[in-house]
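Novice: turn this into a structure:
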Amino acid sequence: MSERTVVAITDGPVTRLGQLVLAGEVVDDEPIMSSSLRVMDAYVLSVLIDGEGNYRDAAGRDERIRPGAHTIVPPGFPHTYRTDPGERWTELFVVFTGPLFDAMPHLTAAGPRYPVPQPSIEALRTVLRAPPRTRRVAEHQLMALADWLVDVEDTADDVSMDIVDAMGRLADDLTASTDLAAIAAESGLSYDTFRRRFAAQVGQTPAAFRNVRRLQAAATLLRLTDLTHREIARTLGFADEFHLSRRFRSHFGVAPRDYRRT
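Specialist: Have a look, this model is predicted:
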C-alpha cells in the first residue's frame, strides 16, 4: 500500500449482521486496481472526493466518473474503476458484506450514482474512523454504515442546486464552525432569504439541519468509541458535555449515557 492509502479497518469481526472487510481512504494517489474486470465476494463502495477516473463493468457500462460519484458494486459482479495511468484521486472506500445489506434493494444496482444532496463525507469518516473492538461495536458500526447508505439512494429533485450545495456544506460542518451568513452569501442570497428558501425546500432551517447531523455524529461516537462525553462535546463544537446532553436528550429522547449503554 502507498503511504497515501490509509486503511482504517481490515477484517472486522464477523457478526450476525455482516462484516466490515476493509475500509480506508486513498489520498491524492493512484489506486491499485487492475484494468481488467474483477469480481469481489462482498459489496464495494467508493466515494470519489477529488480527481476523475473511469468505471466499467460486465453489463457494458463504461463511463467517466467525477467528484461526488458514489460507486456501489454488489458481490460477484465483474467490474473495475480506476484513474487513468499516472493520474491520482482521493476516495473513501468500504468493502462489506452481510444480510443487513442484502436487505437493501438499491445496493443491487451496480455502478456510479450521484445522490442529491450528497451524504456527509465527514459522517462516513466518523463511522469508519477505527476498527471495532468487539462484535457488539462491530454491529453498531454496520448499522451506522447501513443508515448512511440509505441516503445514497435518496434524491431531492425539487431542491435547487444552491440549496443542495449548502446542504453538503452544513452536513460536513460537524463542529458548527461555519457562519451560516457566509454560506448564504456564497449562495448569492441574504441570510433571511436563504433561511426561508432552505426551510421551504428541505423542511428544516439551516441551523436545525446542521444540528441534527451533529447529534447523529454524537450518537455514532457514543456507540463506536471510548471518547468521554466531554471529548465528544468538544469534537462536535458543543459548549460542554451538559450542553450536548440537553440537546441529545431533546432529539433522541434519551440521555447520552443511557444511549451508550443500549
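Novice: so where's the longest strand in this structure?
Specialist: Taking residue count as the measure and DSSP state E as the definition, the longest strand of the chain comes out as strand 19-29.
Novice: what about that one, average pLDDT?
Specialist: Taken as a whole, strand 19-29 carries a mean pLDDT of 93.
Novice: can you check stretch 99-110 too?
Specialist: Computed over stretch 99-110, the mean pLDDT rounds to 92.
Novice: can you give me the end-to-end distance of it?
Specialist: Terminal residues of stretch 99-110 are spaced 18 Å apart (C-alpha to C-alpha, to the nearest Å).
Novice: buried residues, that stretch. List them.
Specialist: By neighbour count, and taking 16 or more other C-beta atoms under 10 Å as the criterion, the buried residues in stretch 99-110 are L100, F101, L107, A110. All C-beta atoms are positioned from the backbone trio N, CA, C, and that covers glycine.
Novice: next step: those residues restricted to helices.
Specialist: Counting by DSSP state H, the members of the buried residues of stretch 99-110 that fall within helices are L100, F101.
Novice: using CSV, lay out the buried residues of stretch 99-110 together with distance to A181.
Specialist: Putting those into CSV (distance: C-beta to C-beta, whole Å) gives the following:
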residue, distance to A181
L100, 41
F101, 40
L107, 39
A110, 42
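Novice: so who does F77 touch?
Specialist: Listed by C-beta atoms under 8 Å, 6 or more residues apart in numbering, the contact partners of F77 are V39, M40, D57, A58, A110.
Novice: could you do R249 as well?
Specialist: Shown in contact with R249 (C-beta under 8 Å, 6+ apart): A255, P256.
Novice: element containing it, please.
Specialist: In the assignment (DSSP states H and E), R249 maps to helix 241-252.
Novice: quick check: next helix or strand after that helix?
Specialist: Using DSSP H and E, the helix or strand that follows helix 241-252 in sequence is helix 256-261.
Novice: show me what that next one is in contact with.
Specialist: Applying C-beta under 8 Å, 6+ apart, the contact partners of helix 256-261 are A218, A219, L222, R223, H229, I232, E241, L244, S245, F248, R249, F252.
Novice: and the residue nearest to the second one when sequence neighbours are not counted, how many neighbours does it have?
Specialist: Leaving aside its chain neighbours, A219 sits nearest to Y259 (6.5 Å; criterion: C-beta to C-beta, 6 or more residues apart in numbering). Y259 is surrounded by 16 other residues when neighbours are defined as other C-beta atoms under 10 Å.
Novice: give me the element R210 is part of.
Specialist: Using DSSP H and E, R210 maps to helix 206-224.
Novice: check V6 too.
Specialist: Using DSSP H and E, V6 maps to strand 5-10.
Novice: got the buried residues for that strand?
Specialist: Of the residues in strand 5-10, those with enough neighbours to count as buried (16+ other C-beta under 10 Å) are T5, A8, I9.
Novice: repeat that for stretch 246-262.
Specialist: Under the neighbour-count criterion of 16+ other C-beta under 10 Å, stretch 246-262 has R247, F248, P256, Y259, R260 buried.
Novice: now do the contacts for the first one.
Specialist: If a contact means C-beta under 8 Å, 6+ apart, then R247 has N211, L215, F238 as its contacts.
Novice: please, a ChimeraX command that selects the buried ones among those?
Specialist: Selecting in ChimeraX just the buried members of those, where the criterion is 16+ other C-beta under 10 Å, is done with this command:
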select :211,215,238
